[in-house]
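Peer 1: using only what follows, build the 3D model:
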Amino acid sequence: MATGGLNLSSEFFQLLKAIGESKSKQEEDRIIAKEVARLKQKMESPPSNQTGPQAAFTNPKKLAKEFLVRLLYVSMLGHDNSWGLIRAVEMAASSSLFHKRTGYLVCGACLPPDHEFRFMLVNQMQRDLSSPNVLECSGGVLACTSIITSDMVPAVAGEVTKLLSHDSATIRKKAILCLQRFYQLAPEVVTQEEMKKHVEKALCDKDPAVMGSTLNVIESLSLENKALFKHIVPSLVAILKQIGDRRLPAEYDYHRLPAPWMQMKLIRILGILGQADIVASQGMYEILNEAMKKADSGINAGYAVVYECVKTIVSIYPNAALLDAAAEAISRFIQSRSNNLKYLGVTGLAMIVESHPKYAAQHQLAVMDCLEDPDETLQVKTLDLLYRMTNPVNVEFISEKLVHFLSQTPDLFLKQVLTDRVCKIAERYAPNNAWYCKTITQLLRVSGDLVQQEVAQNLMSLLAEGTGDDDEESDMLLRQTAVEMMVKQLFSEHAGALPKILLETMAWCLGEYGYLSAETSLDMLLEQLCELAETRSLPITTRKCLVTAVMKLVAQAGTCPPAAAAVIDEYTRSKDMDLQARCLEFQTILTHCPQLLPEIFPVDASAEDVQVDPNLSFLDGYVQQCLHQGAQPYDASIYDDDDDDDDGYGYGGASQPEPSFKMTPYEKPQTPAQAMMAMAGAGQLRSAAQSISLPPGSGGGSMISQPKADTTPQLSLNTRNVANVWGKGGLSQAPQPASTQTPTTTHIPTPAPAPSWGASKTSVSTPKAPELPQKTAEQLERERQAAALFGGIVPGAAPVPSAMSLPVPAPVPATPAAPPPPAPSAPEVDLLDLSIWDTPAPAPGPVVDSFDVAPASLAIVETVSDTEDEPVSVPAPAPIPAATMDDPFASMMGGLQDEPLESFPAASSKFEYNGVPMAPLQITTAQFGQQWGNCAATTPTSVQTTMNLTALLAKLEEVGAHPVEAIAASNEGIAAGMIGGAQLVLIHGRVTGSSVEMTIKSTDTGIATSLALFLSSAMR
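Peer 2: Below is the predicted model:
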């Protein structure tokens, strides 16, 4: 009985209806169990009055196919149907094409690869392959692709090869695909050379369908061996040209586009064959350009062809004209209103920006739009683009976007991918160590256990070993910054819910360097750590780390608070033997010999080597005592094993070979005298010094900094393209920064003429620039973000000198007379020639006193500064004092009068280095970003203050720097200055509410360190 016009029996209809309406898996299982019982009852042995394959069932022949389909449903829903598969094998031998097709379908879908029933079908498939009936032959070829295994290929490969010359194009098309399957299963039977011969023949078939099916085989084989089909590139180009000229029948057109799927397949093959081959690529240039122009018809199929052309153009040997055409196509995609086309545009831009980053310049704002689009798929693809275009200039902006997206997405797989990417770019492009510590800490909080343990280990190694510059002060500043970040995590609202890896890293950091915290005392740290250690939901490994941190802080503080004593006493009864043993040992030491705590828990000694006595000399006395008592001496020959070749490992054997690794122990650090007061009744001992010093628990209250030992490198981070070098060994030369160029959206100031330094008064001016249309604050903010994103990869700007400095002025003469002309043998070296754009020298403007040390009042710039309309005032530092004369007071005695002395001038708030004050340097944000990577000396610092962004920039202006830009959205500001006319100083500051985090970069290490200390003191 047909039901619903679908030729289904009522039983089958009710089965499908019941499965669709089931509410649970249990209900579905009950329905299938009843169906299995029903099918077993009906699929019985044939009665004696029926013969032939159709007698396999007791039911009418018209229901035979339906029973097998119902058996297929049983398998699809996860239940065993092996009891009925023999009926499918019998059905495949039916003379009816209706039943044969169903039998082959069920066998191919349900028979396991190693099932013995498959061998029962080989003879039937051989008969079908040699059948004169086209339909039976076609069914046999299809069955071969899904049923044949590697063991059965030799039995049918010959029959399928004969079908390549069959009169029917349908059979020829399926035969070449079947041979490809045989090649994948048994390449020793159907060899690559045989496949090449068959493919070349089929490619020239008169029927386009056979040619189209051959393209799939060519693509698959080309991925394995590109050289196999290099010689047919002209033929593929000719075929693509014929398709573009509409030489194929109209039935292959799709929305008036000729054979788009064949075009895409051909273009992909050309992309594979043209990789790193200039000869093959040159033969493709013209046809790719034509195909891209003809396919741009405004329909989706045409967009697909254009996208394949873009992929191929990027992958083959580059051609400038084709790359321009591909960039234009990407521009149309990315500016489309359709998110699907935007996705194609972002994907294409990600491909082209890796090898040709200049084409990303015109799409800055479009990429920002995609990054803020609510479509998550488009956001993910845009983040992939950002990862591919990361460089040392824009790494901070991109990593911030990646971490922000990480905190919002619930997709664990995507979080794992983004976490790995943030770790890679942070280790590869970190501008300074403080930024690296902050980024990894944020990542540990957001991603948790998705972060690899090696990342946390690298962070701890960086803090323990330092930067490797033998600059203990910079290392201590870095550790102090890390401690303050960890203290914030410790005192957060949900500290107990922090990820395991962050808690363990925080416990180690505070245990080693907790005494460096400027705002939190050791008592507060101990109390909070004890409270956190008693959280019941913590893993046992995390609890061990927290308890160990408590022990270290007790040793540093010189006293054991009640909270710490209670925690130690509680875990002396822990079920974990390791934690119990630690607490019992610490309790014993605390009670009987507290003076040993500084030696057991030394300060800042995590990177020091443990002294090991391989000879166990401390047992010599015990051995001698036993020998005197009659014990037998040790004889190594008794324990020698002839089967083991241990001669090289001692016991009087052959001399040991020299080890391949350096085994020299590290030099023991010079530690100050240890002085520990008794624990009983001892109060908390803390140094009140403002500078960084060791705690009194290890140094007796002295302010002597503990020097680090000179150790060989062990663990190191990937520091390629990193301005500040990590690791112990350092780098033999300063790393070369990535080539950076000014973004096109940045307003480039018109250069001033070269100043004349022949007099104390200098005339510097710029021509009046044409007025530009005013932009809204939102547009300027988006342009600023785009400039930060595309920093270092945007083309169009003239090359910038390697060191940014102003022309060095001549020293100020002692008298107002004109200075002598410069000596011809020593020409002036121009290290910062900002006049890199070729413009005519304008007429000199009004005279400006360039040696006026007090800068004019500067307005805080909220966006990229426009300086076209204002004359550029080139600041100059105070001159270096001239050499001492014979009588330095001779010139003053003539005017000496008996008058009261004037009061002393107020102390200057400007920063000075070796007597030379810092002068403001007026540059743009783009120029600031270009020079950021050129400054090798980097010093981070953090100041506890309630200062806002406006006050921060005012303070930087007060010390002598020029406020370049203020970013209100993120509470960041940048400033620039010069010292001595040649030493560049760049300052980046961020206001976080209770503190200001700053990074000072300079071309001189001493300047960066001194300015960091100066700002820390001035802003407190």
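
Peer 1: is it true that L163 touches A169?
Peer 2: No. Using C-beta atoms under 8 Å, L163 makes no contact with A169, being 11.4 Å away. Using the backbone N, CA and C atoms, a C-beta is placed for each residue, glycine as well.

Peer 1: compare these two and say which is more crowded by neighbours.
Peer 2: Ranked by neighbour count (other C-beta atoms under 10 Å), L163 and A169 place L163 first, with 21 against 16.

Peer 1: for the more buried one, helix, strand, or coil?
Peer 2: Classification of L163 by DSSP: H, G, I helix; E, B strand; the rest coil places it in helix.

Peer 1: got a list of what the residue nearest the centre of the chain touches?
Peer 2: In the chain, the residue lying closest to the centroid (C-alpha atoms, centre = their mean) is R421, at 2.3 Å. Contact analysis of R421 by C-beta atoms under 8 Å, 6 or more residues apart in numbering lists 387, 402.

Peer 1: now L266: how far from V305?
Peer 2: Distance, L266 to V305, using C-beta to C-beta, to the nearest Å: 10 Å.

Peer 1: list the contacts for the closest residue to H166 other than its chain neighbours?
Peer 2: Spatial nearest neighbour of H166, excluding adjacent residues (C-beta to C-beta, 6 or more residues apart in numbering): R172 at 5.5 Å. Counting by C-beta under 8 Å, 6+ apart, R172 touches 163-166, 202, 205, 207, 210.

Peer 1: from those residues, which two are the most distant?
Peer 2: Greatest spatial distance among the contacts of R172 (C-beta to C-beta): L163 and D207, at 14.0 Å.

Peer 1: which parts of the helix or strand harbouring the residue nearest to the centre of the chain are buried?
Peer 2: Using DSSP states H and E, R421 maps to helix 412-429. For helix 412-429, the neighbour count (16 or more other C-beta atoms under 10 Å) marks 415, 417-419, 421-423, 425-429 as buried.

Peer 1: mind putting the residues you listed in a markdown table, pLDDT and distance to S150 included?
Peer 2: Shown next, in a markdown table, are the buried residues of helix 412-429 (pLDDT from 0 to 100; distance: C-beta to C-beta, whole Å):
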| residue | pLDDT | distance to S150 |
| --- | --- | --- |
| K415 | 91 | 40 |
| V417 | 92 | 36 |
| L418 | 92 | 41 |
| T419 | 94 | 41 |
| R421 | 92 | 40 |
| V422 | 93 | 45 |
| C423 | 94 | 43 |
| I425 | 92 | 45 |
| A426 | 93 | 48 |
| E427 | 92 | 46 |
| R428 | 91 | 45 |
| Y429 | 91 | 49 |
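
Peer 1: okay, now the unreliable bits of this structure?
Peer 2: Low-confidence segments of the chain (pLDDT under 70): 1-7, 44-62, 468, 607, 609-610, 639-908.

Peer 1: do a quick rundown of the strands in it.
Peer 2: With DSSP state E as the definition, the chain shows strands at residue ranges 253-254, 257-258, 762-763, 847-848, 912-913, 916-920, 937-944, 962-967, 972-979, 983-991, 995-1002.

Peer 1: any chance of those in a markdown table, plus distance to T409?
Peer 2: Listed next are the strands of the chain as a markdown table, based on distance: least, C-beta to C-beta, whole Å:
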| stretch | distance to T409 |
| --- | --- |
| strand 253-254 | 37 |
| strand 257-258 | 38 |
| strand 762-763 | 57 |
| strand 847-848 | 55 |
| strand 912-913 | 47 |
| strand 916-920 | 44 |
| strand 937-944 | 30 |
| strand 962-967 | 26 |
| strand 972-979 | 25 |
| strand 983-991 | 25 |
| strand 995-1002 | 27 |
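
Peer 1: so which of those strands is nearest K342?
Peer 2: Short answer: strand 257-258, nearest of the strands of the chain by C-beta to C-beta, at 21.8 Å.

Peer 1: partner strands of the closest one and their direction?
Peer 2: Applying DSSP bridges, strand 257-258 is found paired with strand 253-254 (antiparallel).

Peer 1: can you list contacts of the strand it pairs with?
Peer 2: Identification of contacts with strand 253-254 by C-beta under 8 Å, 6+ apart yields 246, 259-261, 301.

Peer 1: name the member of these with the most neighbours.
Peer 2: Ranking the contacts of strand 253-254 using other C-beta under 10 Å puts A259 first, with 26 neighbours.

Peer 1: Q242 is in contact with that one, correct?
Peer 2: No. Using C-beta under 8 Å, A259 is not in contact with Q242; the gap is 9.8 Å.

Peer 1: which residues do those two both contact?
Peer 2: Shared contacts of A259 and Q242 (C-beta under 8 Å, 6+ apart): L248.

Peer 1: pull out the buried residues from stretch 369-383.
Peer 2: With burial defined by 16+ other C-beta under 10 Å, the residues of stretch 369-383 counted as buried are 369-371, 378-383.

Peer 1: what's the span of it, first residue to last?
Peer 2: 12 Å (C-alpha to C-alpha, to the nearest Å).

Peer 1: just stretch 606-623 next, same as before
Peer 2: Across its full length, stretch 606-623 reaches 34 Å end to end, with C-alpha to C-alpha as the criterion.

Peer 1: residues near the nearest residue in space to C309 that is not next to it in sequence, how many?
Peer 2: Nearest residue to C309, sequence neighbours excluded (C-beta to C-beta, 6+ apart): M292, at 4.2 Å. Neighbour count of M292, defined by other C-beta under 10 Å: 24.

Peer 1: hmm, Y307 and M292 touching each other?
Peer 2: No. Using C-beta under 8 Å, M292 makes no contact with Y307, being 9.7 Å away.

Peer 1: need the overlap of contacts for the two.
Peer 2: A329.
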